[in-house]
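>>> coordinates only, sequence not included:
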Ligand SMILES: [Zn+2]
């Protein structure tokens, strides 16, 4: 699943290619991803300049000068690429946006859990109403230990589950939650409201560092991710616990174990991340 660093990488790569361009045509080759695709029926998306392209959580927002915007969500296997129109369409390229400079922007999604949605923004640069439930961005100054302390006050659910709640903070997906908990020495089953202020401080710092590092590396390759130019991310080579069950811990002699939490795989070292019970 493309997580925040991948979406940041994709969005940044699209910026110079899409900003200031206009869509001249939108072709749909498969009518339904997670939701029905309707962007091709909207005349207000055509022939208006792209004002800005930005990331919010794991969404790419393409904002037009007329305050209409297109949201991309990449689901499990979504990816985009920019190429010439004569390049043969890949089997799972469901949507092709034609640009006024003759290029095409293509949305590929083999498993079709992603979606593309048209939204209207209240003002330029605003978050769409559809994303108003989202918590702060992890790489901004709004994401602090104090914020987590308040958000976790009455939360007895495991920290691993709580930190992945988009209403608390966006973009901390399964891989990064596992890695940050390991680096902070916090057991993933610890009730969220039982973490100390010091642990929360370290946890927040580690999440920021981990995500920044991953963005720098161009995202992970775990989930079929490809950059706009088809290049692959490199972060997966540096994972410490994610997917490492049965392997030796990198910090001690213990072995990484795997458990399931809310249907998602958690990996941890029983020695470095002792249980709070
Ligand atoms: Zn260990």
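On my side now, so go ahead. Fair warning: this is a prediction, and the values are worked out from it, not measured in the lab.
>>> quick one, strands of the stretch 51-200 of the chain?
59-64, 68-73, 79-83, 93-99, 104-108, 115-120 (DSSP state E, counting those that start in this stretch).
>>> so which of those strands gets nearest residue 202?
strand 59-64 (28.7 Å; CB to CB). No exception for glycine: its C-beta is placed from N, CA and C like everyone else's.
>>> quick one: contacts of the closest one?
The contact list for strand 59-64, computed with CB atoms under 8 Å, 6 or more residues apart in numbering, reads 7, 10-11, 14, 18, 44-45, 48-55, 69-73, 80, 121, 124-125, 128, 131.
>>> inside helices: which ones of the residues you listed?
Secondary structure defined by DSSP state H assigns 7, 10, 11, 14, 18 of the contacts of strand 59-64 to helices.
>>> what are the ranges of the helices in the stretch 101-250 of the chain?
Ranges of helices in the stretch 101-250 of the chain, per DSSP state H, counting those that start in this stretch, are 145-152, 159-163, 174-184, 197-217.
>>> tell me the contacts of the closest residue to the ion within the stretch 101-250 of the chain?
For the stretch 101-250 of the chain and the ion, the shortest gap (CB to the ion) falls at residue 249, measuring 3.1 Å. Residue 249 makes contact with 241, 255, 256, 269, 271, 272 under the criterion CB under 8 Å, 6+ apart.
>>> quick revisit: worst mean pLDDT among the strands of the stretch 51-200 of the chain?
Mean pLDDT across the strands of the stretch 51-200 of the chain is lowest at strand 79-83; the value there is a mean of 91.
>>> show me what that strand pairs with in its sheet, parallel or antiparallel.
Strand 79-83 pairs in its sheet with strand 104-108 (antiparallel), by DSSP bridges.
>>> what about the strand it pairs with, distance to the chain center?
Offset of strand 104-108 from its chain centre (CA atoms, centre = their mean, to the nearest Å): 18 Å.
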